[in-house]
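[1] attaching a predicted model along with its sequence, questions to come.
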2 protein chains.
Amino acid sequence: SFQAGTVPFTPARFVTRTNTCGELRSAHVGQKVTLYGWVQYQRQGLFLVLRDFQGLTQVIIPQDEAHSHLKELLSSAPLESVVRVTGTVSPRPLGQENPKMPTGDIEVKAETAEILNSCKKLPFEIKDFIKKSEALRMQYRYLDLRSPRLQSALRLRSRLVMSMRQYLCNLHGFVDVETPTLFKRTPGGAKEFLVPSREPGKFYSLPQSPQQFKQLLMVGGLDRYFQVARCYRDEGSRPDRQPEFTQIDIEMSFVDQAGIQRLVEGLLQHSWPEERGSIMTPFPSMTYEEALAEYGTDKPDTRFGMKIVDISDVLRGSGVHFVQNALSYPHGSIRAICIPQGVKYLTNKDLESLKESAKSEFNQCCALGALRLLSANLLEAAGLALRDPTAFHFLWVVDFPLFLPKAENPTELESAHHPFTAPHPSDASLLYSDPTKVRSQHYDLVLNGNEVGGGSIRIHNAEQQRFVLEKVLKEDSEVLSHLIEALELGAPPHGGIALVTQKLLFLLNSS
Amino acid sequence: SFQAGTVPFTPARFVTRTNTCGELRSAHVGQKVTLYGWVQYQRQGLFLVLRDFQGLTQVIIPQDEAHSHLKELLSSAPLESVVRVTGTVSPRPLGQENPKMPTGDIEVKAETAEILNSCKKLPFEIKDFIKKSEALRMQYRYLDLRSPRLQSALRLRSRLVMSMRQYLCNLHGFVDVETPTLFKRTPGGAKEFLVPSREPGKFYSLPQSPQQFKQLLMVGGLDRYFQVARCYRDEGSRPDRQPEFTQIDIEMSFVDQAGIQRLVEGLLQHSWPEERGSIMTPFPSMTYEEALAEYGTDKPDTRFGMKIVDISDVLRGSGVHFVQNALSYPHGSIRAICIPQGVKYLTNKDLESLKESAKSEFNQCCALGALRLLSANLLEAAGLALRDPTAFHFLWVVDFPLFLPKAENPTELESAHHPFTAPHPSDASLLYSDPTKVRSQHYDLVLNGNEVGGGSIRIHNAEQQRFVLEKVLKEDSEVLSHLIEALELGAPPHGGIALVTQKLLFLLNSS
């Protein structure tokens, strides 16, 4: 059912309604009101239920001869027709109040009405919508939008982003700057959409993020930038990855990693919807190495334990063949996950699916992380309340490697994130001697096991940027010469982050 | 010089500076401060001026032996290098205060400093930037951004748009919805950028506006939508028309023309920068016909008079041949503009250029409108203060024709704006008998002679929409069948407007 919620505005401004359908209470009894809405339900010419974005109101259809035209009009209006009703707010007869309905103490006795748009036969009943196929729901997206679920999801997003803007813009001096989306191709950006220009053979590119623009804004002395930035990624559409999405894109000058982290914690605390509980700050932090060792992933779900434990030393003298074999490899180890209550909750079939998963991810470092999550899902499917669905566990993952061996050729290096990421201050000299050992100043924000943001302190020194591009990544620095030149002409130290709005909202809506 | 402005936030949060360079006053004397900024000026190792986004602070370089390293560091830092300075705020020596500088009562005696990024030789001096070629300024845009002019323009835009958001979202219940920009081709949208998809032969299109999306959101019961929407137009780049731009895109259900107009007046009044004076509402309104007759344009500059007057009746009996000839045509008339003080201010050369303009636009209905503006420019160039440069004259232009004859074939009709525009209620029946006579419910918002916004009440009746497309415009309604079907399934009456942010800001910045 619809939630009344708070009405932070005067919904009658600029329009001719006097009230919304979710607004009327006993206090309105006796008032003459004009409502606009959709016919949600109609019964035998006696009453109908009118719906708008705010909620539902019961409208009583007059039965006397003088109103026969009105009765005819209202009882023949097809469901989902758009109607204006003017009438008087009355208390419901004793015993007919509906305590489950915010407007359940009153009804409106219709005096005049108008059908503003009669609805043709619907392809299906709105209330059954959720059971329909994804394709049908997409075709009639506007019908799905009338559901309380989607109305509330869209409003939550609007409210969350607005609150973030107020925090950044009004409280902390960030400047909202719109950067172009018709840009030139980013080197290495293989997944960018191309847009043919009017000049034959020349193309624009839709960038994956405003990374270069925001760094140039810092060089331009803007000090604090943010944008709810539209980003594009040509990777085909998947339910969890659309070709276009937005990110809360932030960049600051004269800041270090801790500064960005405190900013983001404050941002989320400020904008988190009250009804979802409060957020504790600072968020815990974990190194990339710890995350991989204890959770088998760089985005650990820390709502539950069952960490990965190294039991090599315990088993070293066991004499079991496969154990000895595993330990004989360089860096060979034996690791385990302890599943409390596993004996009680996991069936043989569950164990079988765990074995299957282990086999299919054999030799991949994420295998144990996947097993841990699968175990949790199996326990929950069996009825164990392992993870609190209303809990939000934020986590910083830090100290990523700056470079990773290329998958196709492990003797060559590629950026773990992007080539503008600055090395960790303690490792800066290693850049020249052993780049594989350099940790970066990249940080990921993880929420309940999902990466919801990522950022870094950037390289602001032109020489260091050139060295990374040319000597470490063996790339042609010429394509980024405009950025390197900017670093030579008074670039301040700077860093930033991008939060993926739709992931945050997905987690908020599924809680 | 930099304006101090108000500091609505704590600029030391999240960073290690204690203050900004525009912030320090006599009240700070005695405080130890840490500033970060750019070297704006340095004189003989005695002092330097440090600049950040907020302003300028004079830093005194110590001259004693114990600080020789510091002196060497600060006096050798190239201009535009990025520097940290820590020192103590002191009053300037008596008589050396600079009343033109907000921080002119104090100076900071440097104690430690660090060059964070040394600046290589600049391609030109920053203060000369404005004289450089457009191409050079674009190449080094980030240097141009360091100028007070661009810093203030970007901040003004951010502030204005934020204030609009607060009005719409917080005060009036609008929901900020992000609509897709990778869309399918709009019929008639000849000027859309195309984006090749992964499926050979299939393309996305970057839409010129979210028109269809916002109408569908109304059908979805969203009630009030807004978006700072990115729009694309493939018409080649011109100084006054970029391939991408944003508009404040608004749509409301159950609203009429007056409702949208009052909303927009309130929006502009609420968000208008205080320092530019206040806006009087409601804005005056003029019909399209009046605008053409009295100003020779549908976007009249109402900051001055010199209206076009019909003097046919006065001259009808004159016997002058060319007058009689003109009056002999159907609808033939003689029109004049009275230029007060023209005798005093206009030279023969001016009159010659007016004649040239009249000739070059001969037989075009906008000729008199162009002459009126040219006369105003000539008067102002001669020293007459005709238009107050700080005045903002808003104007609604209404009652546009719904259809216009096609330029290439005047027997066929095209939409004056777009095919979703609703006919004027008084003219609705003319739609079927004489569509050329139908006025629309379109409205333009004009500011100082520039169209800064436009919108309409939309057709919400499927039959009417189909009639317009098929019978009047002779278009294939099949390509818009999704929209027509939506109108059949409970579309509320709705309307909206789009304000072009960059035009508003251009006029604000040039005032």
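    Thanks, I have the structure now. What you are looking at is a predicted structure, and each value in this text was computed from that prediction instead of being measured.
[2] mind listing residues that contact whichever strand or helix holds residue A:353?
    Residue A:353 belongs to helix A:348-360 when assigned by DSSP states H and E. Contact partners of helix A:348-360, identified using CB atoms under 8 Å, 6 or more residues apart in numbering or on different chains, comprise A:346, A:367, A:370-371, A:374-375, A:378, A:382. For glycine as for every other residue, the C-beta is placed from the backbone atoms N, C-alpha and C.
[3] buried subset of those?
    A:346, A:367, A:370-371, A:374-375, A:378 (16 or more other CB atoms under 10 Å in any protein chain shown).
[4] give the next helix or strand downstream of the helix holding residue A:353.
    Helices and strands here follow DSSP H and E; after helix A:348-360, the next one along the chain is helix A:367-381.
[5] for that following helix, what is the average pLDDT?
    Helix A:367-381 shows a mean pLDDT of 95.
[6] any idea how far that helix is from the chain center?
    Here helix A:367-381 is found 23 Å from its chain centre; the criterion is CA atoms, centre = their mean, to the nearest Å.
[7] report the inter-axis angle for that helix versus helix A:348-360.
    Per axes from the mean of the first three to the mean of the last three CA atoms, to 10 degrees, the angle that helix A:367-381 makes with helix A:348-360 is 160 degrees.
[8] C-terminal to helix A:367-381, what's the next element?
    Counting by DSSP H and E, the element after helix A:367-381 in chain order, helix or strand, is strand A:394-398.
[9] list the buried ones in that following strand?
    Neighbour-count burial for strand A:394-398, counted by 16+ other CB under 10 Å, picks out A:394-398.
[10] looking at these, which is nearest residue B:60?
    Distance to residue B:60 across those (CB to CB) is lowest for residue A:398, with 40.2 Å.
[11] how about the nearest residue to that closest one, chain neighbours excluded?
    residue A:443 (5.0 Å; CB to CB, 6 or more residues apart in numbering or on different chains).
[12] let me know whether that neighbour touches residue A:257 as I believe.
    Yes: using CB atoms under 8 Å, residue A:443 is in contact with residue A:257, at 6.0 Å.
[13] next, show the common contact partners of the two.
    The contact sets of residue A:443 and residue A:257 overlap at residue A:398 (CB under 8 Å, 6+ apart).
[14] thinking again about what came up before, gap between the residue nearest to residue A:398 and residue B:144?
    To residue B:144, residue A:443 is 32 Å away according to CB to CB, to the nearest Å.
[15] of the two, who's got more company?
    Per other CB atoms under 10 Å in any protein chain shown, whichever of residue A:443 and residue B:144 has more neighbours is residue A:443, with 24 against 18.
[16] point me to the residue of the stretch 1-150 of chain A nearest chain B.
    Among the residues of the stretch 1-150 of chain A, residue A:145 lies closest to chain B, at 3.0 Å counting by CB to the nearest CB.
[17] how close does that residue sit to residue B:462?
    Using CB to CB, we find residue A:145 at a distance of 18 Å from residue B:462.
[18] of these two, who's got more company?
    Between residue A:145 and residue B:462, counting by other CB under 10 Å, residue A:145 is the more crowded of the two (22 against 19).
[19] grab the nearest non-local neighbour of that one.
    Closest to residue A:145 by CB to CB, 6+ apart is residue B:220, at 3.0 Å.
[20] need the contact list for the one you found.
    Contact partners of residue B:220, counting by CB under 8 Å, 6+ apart, are A:141-146, A:150.
[21] can you add distance to residue A:422 and give those back as JSON lines?
    Formatted as JSON lines, the contacts of residue B:220 follow (distance: CB to CB, whole Å):
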{"residue": "A:141", "distance to residue A:422": "43"}
{"residue": "A:142", "distance to residue A:422": "47"}
{"residue": "A:143", "distance to residue A:422": "50"}
{"residue": "A:144", "distance to residue A:422": "45"}
{"residue": "A:145", "distance to residue A:422": "44"}
{"residue": "A:146", "distance to residue A:422": "49"}
{"residue": "A:150", "distance to residue A:422": "42"}
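[22] scan these and report the most crowded one.
    In terms of neighbours by other CB under 10 Å, the contacts of residue B:220 top out with residue A:143 at 25 neighbours.
[23] contacts for the helix or strand hosting that one?
    Taking DSSP H and E as the definition, one finds residue A:143 inside helix A:141-144. If you take CB under 8 Å, 6+ apart as the criterion, helix A:141-144 is touched by A:122-123, A:126, A:129, A:137, A:150, B:216-217, B:219-220, B:486, B:489.
[24] neighbours of the residue nearest to residue A:105 when sequence neighbours are not counted, how many?
    Once flanking residues are discounted, residue A:105 sits nearest to residue A:26: 4.8 Å by CB to CB, 6+ apart. Neighbourhood size, residue A:26 [other CB under 10 Å]: 12.
[25] with residue A:99 instead?
    Using other CB under 10 Å, residue A:99 is surrounded by 7 other residues.
[26] secondary structure element for it, which one?
    Assigned by DSSP H and E, residue A:99 falls within no helix or strand.
[27] OK, contacts around it?
    Contacts for residue A:99 (CB under 8 Å, 6+ apart) come out as none.
[28] for chain A, longest helix please?
    For chain A, the helix that runs over the most residues, judged by DSSP state H, is helix A:148-165.
[29] ok, residues contacting it?
    A:1-3, A:53, A:130, A:144-145, A:176, A:226, A:228, A:248, A:267, A:270-273, A:501, A:504-505, A:508-509, B:162, B:165, B:169-170, B:175-177, B:220-222.
[30] angle of that helix against helix B:148-165?
    Using the same axes, to 10 degrees: helix A:148-165 against helix B:148-165 is 150 degrees.
[31] run through who's touching whichever helix or strand comes after helix A:148-165.
    Where DSSP H and E defines the elements, the next helix or strand beyond helix A:148-165 is strand A:175-176. With contact meaning CB under 8 Å, 6+ apart, strand A:175-176 is reached by A:165, A:168-169, A:222-227, B:154-155, B:157-158, B:161-162.
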